[in-house]
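> Pasting a predicted model and its sequence here:
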Amino acid sequence: RACNLSACSSKFVLSQVHPMWQEPLAIPGGDRQSPIDIVVRKSIFDPQLRPLKVQYDPRTCQQIWNNGYSFLVEYDDTTDKSTLKGGPLEDQFRLCQFHFHWGENNAWGSEHSIDRRLYPAELHLVHWNSDKYSLFEESVIEDNGLAVIAVFLKIGKRHEGLQKLVDALPAVRHKDSVVEFTKFDPACLLPENIDDYWTYAGSLTTPPLTEAVTWIVMKQHIEVSHDQLAVFRSLLFTSAEEQLQRSMVNNFRVQQALKGRTVRSSFT
Ligand SMILES: CCCCCCc1ccc(S(N)(=O)=O)cc1
Ligand SMILES: [Zn+2]
């Protein structure tokens, strides 16, 4: 029986969702692409994984920028003020920005999934290896250049710390808009428990898709309210000049093949 869209369960509807950009055909290497589904029973506990050491300084927060894919909260990364180390990382990494990926509804929106479970949104805290490189742009093409912490968002109680960011979003409704945004501590967006995570070698999930990322995916999610996520969906992919406005939703990449990679867990 032909399955009409309304009768399909969400997983079929997902296949009707058009990714936000045409996937390029040839991707550098192409054997460690992101995002992926994390199959919990196939992940390997690694007792050598240490706790993460996160030290963020809210004074390095500078602005919010709508880049036409997501909105980026950008940090001053000219000194080692907001850093990440430990966990699977050998070097010290500097926070340069964080952003989110979300869906048009609460059934999907995250890039990674856990045993196929998708979340309505996913936070990415992007850091680059400041022990080995002197600029973010350099580290983007190196296999140990970047470390991204991923945190799943679930619909629930209002996230008080997020509200300051939500209130600033209407000022960056259109692509290429920027607004000053200061004194925001991104640590407030981390779950209470950051010792339990999965980690694997992957890539950026938007162009240039380079295979430079050590992914650190938090086991514990954070909660945000339905209304807070609705403000994310009020953003636009399009600039103010374009006559056809398109809502910024479904800005996630389709999941990629594992290609034999191992996903390690920091917990049993
Ligand atoms: C030299 C310019 C490169 C800009 C790459 C910016 C970027 C950062 C993080 C991610 S994500 N979604 O993998 O965390 C994607 C893209
Ligand atoms: Zn991202």
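Everything's here; your move. Ligands and ions are numbered 1, 2, ... in the order given.
> only C-alpha atoms for contact and neighbour calcs from this point on.
Fine.
> need the longest helix for this protein.
helix 160-168 (DSSP state H).
> mind checking pLDDT for Pro24?
At Pro24, the pLDDT value in this model is 70.
> Alongside ligand 1, which residues does the stretch 51-200 of the chain contribute?
124, 126, 137, 148 (CA under 6 Å from any ligand atom).
> where's the last one, which helix or strand?
When you say that, I think you mean Val148. strand 146-155 (DSSP states H and E).
> how about the CA coordinates for that strand, as CSV?
Extracted as CSV, the C-alpha positions of strand 146-155 are listed here (Å, rounded to 0.1, in the frame of the first residue of the first chain):
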residue,chain,number,x,y,z
LEU,A,146,39.2,20.5,16.1
ALA,A,147,37.2,19.3,19.1
VAL,A,148,33.5,19.7,19.1
ILE,A,149,31.3,19.0,22.2
ALA,A,150,27.8,18.0,21.1
VAL,A,151,24.9,18.3,23.6
PHE,A,152,21.3,17.2,22.8
LEU,A,153,18.4,19.4,23.5
LYS,A,154,15.1,18.0,24.7
ILE,A,155,11.8,19.9,25.1
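> how far out from the middle of the chain is that strand?
5 Å (CA atoms, centre = their mean, to the nearest Å).
> Quick check: can you name the pairing partners of that strand and their directions?
strand 121-129 (antiparallel), strand 213-218 (parallel), strand 222-224 (parallel) (DSSP bridges).
> Smallest gap between this protein and ligand 1, at which residue?
Leu204 (3.3 Å; CA to the nearest ligand atom).
> Counting neighbours, what do you get for the nearest residue to that residue once chain neighbours are set aside?
Distance criterion CA to CA, 6 or more residues apart in numbering; nearest residue to Leu204, sequence neighbours excluded, is Thr210 at 5.7 Å. By the other CA atoms under 10 Å criterion, the neighbourhood of Thr210 contains 22 residues.
> bridging residues for the residue most central in space within the chain?
Centroid-nearest residue in the chain, with CA atoms, centre = their mean: His124, separated by 2.8 Å. Residues in a beta bridge with His124, per DSSP bridges, are His99, Ala150.
> State the pLDDT value of it.
In this model, His124 carries a pLDDT of 99.
> Isn't it up against Phe100?
Yes. If you go by CA atoms under 8 Å, His124 and Phe100 touch, sitting 5.9 Å apart.
> Give me the neighbour count for Ser239.
18.
> Show me which positions of stretch 34-45 end up buried.
Neighbour counts over stretch 34-45 (16 or more other CA atoms under 10 Å) mark 34-38, 43-44 as buried.
> Stretch 105-117 now?
For stretch 105-117, using 16+ other CA under 10 Å, the buried residues are 106-113.
> circling back to that earlier point, in strands, which of the buried residues of stretch 34-45 appear?
Mapping these onto strands (DSSP state E) picks out 37-38, 44.
> Cys188 should be in a strand, yeah?
No. Counting by DSSP: H, G, I helix; E, B strand; the rest coil, Cys188 is not found in a strand; it is helix.
> Next, the contact list for it, please.
Contacts for Cys188 (CA atoms under 8 Å, 6 or more residues apart in numbering) come out as 161-162.
> redo that, cut-off 10 Å
Cys188 sits next to 159-162, 222 when contact means CA atoms under 10 Å, 6 or more residues apart in numbering.
> cool, and His101?
69-71, 109-111, 120-124, 152-153, 232, 248-253.
> try Pro120
Neighbours of Pro120 in contact, by CA under 10 Å, 6+ apart: 101-111, 152-155, 226, 229, 250.
> per-residue confidence at it?
98.
> what would the strands paired with strand 146-155 look like in CSV with distance to Thr238?
Converted to CSV, these look like this (distance: least, CA to CA, whole Å):
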stretch, distance to Thr238
strand 121-129, 20
strand 213-218, 28
strand 222-224, 26
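> okay but the residue nearest to the centre of the chain is in contact with Phe71, surely?
No. Using CA atoms under 10 Å, His124 is not in contact with Phe71, being 11.2 Å away.
> Next, show the common contact partners of the two.
Joint contacts of His124 and Phe71 (CA under 10 Å, 6+ apart) are 97-101.
> Can I get the buried part of those as one ChimeraX selection?
The ChimeraX selection below is limited to those of the shared contacts of His124 and Phe71 classed as buried (16+ other CA under 10 Å):
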select :97,98,99,100,101
